[in-house]
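[1] below is the sequence, then the predicted model.
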Amino acid sequence: MMEKTDSSAYAKAGVDVKLGDQCSAILYEASRQTWPNRAGRIGEISSAEDSFGGLRFARFSGTDILVQMNFDGIGTKVEVAERLNRHNTMAFDLFAMVCDDAAIRGLEPIHIGSVLDFRTVNADVVQALADGMVAAARAAGVAVINGELAELGERVGGYGPSAYNWAATVLAVGKRERLLDTGRVRAGQYLVAVREQGFRSNGFTLVRKAVMGYFGPRWHEQPWEGKTVGEYVLTPSTIYTPLLVSLFGGFDAEPKGSLIAAAHITGGGIPGKLGRCLKHSGCGALLDDLFEPVRMMLDLQKVGGISDRDAYQAWNMGQGLIIVTDDPDSVLDEASRLGFEAKQAGTVIATPEIQIVNKGAYKESEPRLAFPCS
């Protein structure tokens with residue numbers, strides 16, 4: 001029996017990241033035992049990372065095409081959409097999670113399929129989700145090729161009679177010589193942060209605990225800076241795939257910039273995701289000029305009693321993507337051309353830890369934070 005080992009604010013809100021990592025390891029080991037089923041046959045599995053969500057691709061005889069499938073869901077952010085009855089941005093959150101996770105490996109996402117499970121199907125909700133799906137697919141540059149919709153009754157929890165869960169699979173393709181290799185990271189390289197204006201789809205259990213505790217059960221209706229709390233936390237995830245694909249050239253286009261490696265800042269925040277990106281090289285990072293967190297994050301830290309350390313481990317804190325490069329100007333130029341706000345935020349260092357010049361709500365009392373690369 002596994003014991004919970006995480007004492008962070010996120011764990012106290014009901015999400016134990018360390019326990020989740022243990023369970024992912026169990027599933028990884030089980031999946032690895034299935035790979036011999038395709039050994040020596042079309043679709044033989046090759047792995048570059050020993051984790052359940054790591055880089056895995058299939059070889060197809062007679063071609064240089066590598067194929068990978070990524071899986072993810074929106075998580076508990078759907079409750080915000082349910083509370084507001086506003087569903088047309090959910091696909092941006094879903095597609096950002098699956099497409100960006102593929103693109104940071106050096107693969108180009110091409111096709112998406114999804115599973116949409118309702119408590120009770122509502123045609124108006126489905127239409128809003130579908131409208132958002134068309135817009136999100138355009139932003140990501142992918143085609144939606146299939147899916148499944150089911151009505152599961154009380155098996156689906158959430159807010160209201162039409163509560164739902166939405167998960168997706170993306171098919172991504174690439175060539176071996178274009179795969180991003182985190183082993184190429186070296187001290188002295190540069191780190192470019194790309195701005196995120198909301199919470200993305202991560203840390204929402206902690207968000208909901210903070211707003212529920214401060215505003216009460218109808219927290220989504222509470223006014224905040226000209227909108228409601230619900231409207232602010234529903235801000236859709238930015239899809240970074242077009243920038244990443246342009247930088248490494250996708251499957252067969254000319255690369256537009258220097259891209260050594262990249263970290264998609266989702267669950268675990270900068271320490272978790274950038275830490276994973278750096279650990280194979282034995283390097284660390286000095287992040288001395290990150291973007292400021294959005295105001296709502298800072299306010300929720302204070303009303304929820306969430307420390308800066310916990311906030312950086314649960315939320316993106318203002319940046320949804322961090323790129324490792326040896327030519328930051330090429331990255332910044334391409335980001336600007338495509339409409340992304342980016343800045344040089346730090347450098348790769350030889351010490352295996354992530355050092356952050358703190359921009360959280362309590363930065364005056366702890367100006368710098370340090371996390372191990374693990």
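    Right, received. Where do you want to start?

[2] now do the helices in the chain.
    According to DSSP state H, the chain carries its helices in the segments 9-12, 17-32, 78-84, 90-103, 123-140, 204-215, 229-233, 241-248, 269-279, 295-304, 308-314, 328-338.

[3] of the ones you listed, which stretch is the most buried?
    Of the helices of the chain, the one with the most neighbours on average (mean count of other Cβ atoms under 10 Å) is helix 90-103, at a mean of 28. In short, each C-beta sits where N, CA and C put it, glycine included.

[4] pull the number of nearby residues for residue 185.
    A count of neighbours around residue 185, defined by other Cβ atoms under 10 Å, yields 21.

[5] doesn't residue 276 make contact with it?
    No - look at residue 185 against residue 276 with Cβ atoms under 8 Å: they stay out of range, at 11.5 Å.

[6] and the helices of the chain as JSON lines, adding distance to residue 370 and mean pLDDT?
    Below are these laid out as JSON lines (distance: least, Cβ to Cβ, whole Å; pLDDT from 0 to 100):
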{"stretch": "helix 9-12", "distance to residue 370": "18", "mean pLDDT": "52"}
{"stretch": "helix 17-32", "distance to residue 370": "18", "mean pLDDT": "65"}
{"stretch": "helix 78-84", "distance to residue 370": "33", "mean pLDDT": "96"}
{"stretch": "helix 90-103", "distance to residue 370": "26", "mean pLDDT": "95"}
{"stretch": "helix 123-140", "distance to residue 370": "35", "mean pLDDT": "91"}
{"stretch": "helix 204-215", "distance to residue 370": "22", "mean pLDDT": "90"}
{"stretch": "helix 229-233", "distance to residue 370": "29", "mean pLDDT": "95"}
{"stretch": "helix 241-248", "distance to residue 370": "28", "mean pLDDT": "97"}
{"stretch": "helix 269-279", "distance to residue 370": "9", "mean pLDDT": "94"}
{"stretch": "helix 295-304", "distance to residue 370": "19", "mean pLDDT": "93"}
{"stretch": "helix 308-314", "distance to residue 370": "10", "mean pLDDT": "95"}
{"stretch": "helix 328-338", "distance to residue 370": "23", "mean pLDDT": "98"}
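
[7] domains of this structure?
    For the chain, the structural domains run 9-180, 183-372, going by automatic domain parsing.

[8] the helices of the chain: which one's closest to residue 157?
    Among the helices of the chain, helix 78-84 comes nearest to residue 157, with 9.2 Å by Cβ to Cβ.

[9] for the closest one, packing partners?
    strand 164-174, helix 204-215, helix 229-233 (3 or more Cβ pairs under 8 Å, 6 or more residues apart in numbering; DSSP states H and E).

[10] still on that earlier bit, could you dump the helices of the chain to TSV with distance to residue 191?
    Below are the helices of the chain laid out as TSV (distance: least, Cβ to Cβ, whole Å):
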stretch	distance to residue 191
helix 9-12	24
helix 17-32	23
helix 78-84	31
helix 90-103	17
helix 123-140	24
helix 204-215	25
helix 229-233	27
helix 241-248	14
helix 269-279	8
helix 295-304	21
helix 308-314	15
helix 328-338	8
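
[11] picking up where we left off before, can you redo the helices and strands packed on helix 78-84 as TSV with distance to residue 280?
    TSV is the format used below for those (distance: least, Cβ to Cβ, whole Å):
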stretch	distance to residue 280
strand 164-174	19
helix 204-215	29
helix 229-233	34
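
[12] show me the one of those that comes nearest residue 303.
    helix 204-215 (4.0 Å).

[13] output the contacting helices and strands for that closest one.
    By 3+ Cβ pairs under 8 Å, 6+ apart, helix 204-215 packs against helix 9-12, helix 78-84, helix 229-233, helix 295-304.

[14] of all those helices, which one is nearest residue 159?
    Residue 159 sits nearest to helix 78-84 of all the helices and strands packed on helix 204-215, at 4.1 Å, using Cβ to Cβ.

[15] list of residues touching that closest one?
    87, 89-90, 158-160, 162-166, 204, 208, 220, 228, 230-231, 233-234 (Cβ atoms under 8 Å, 6 or more residues apart in numbering).
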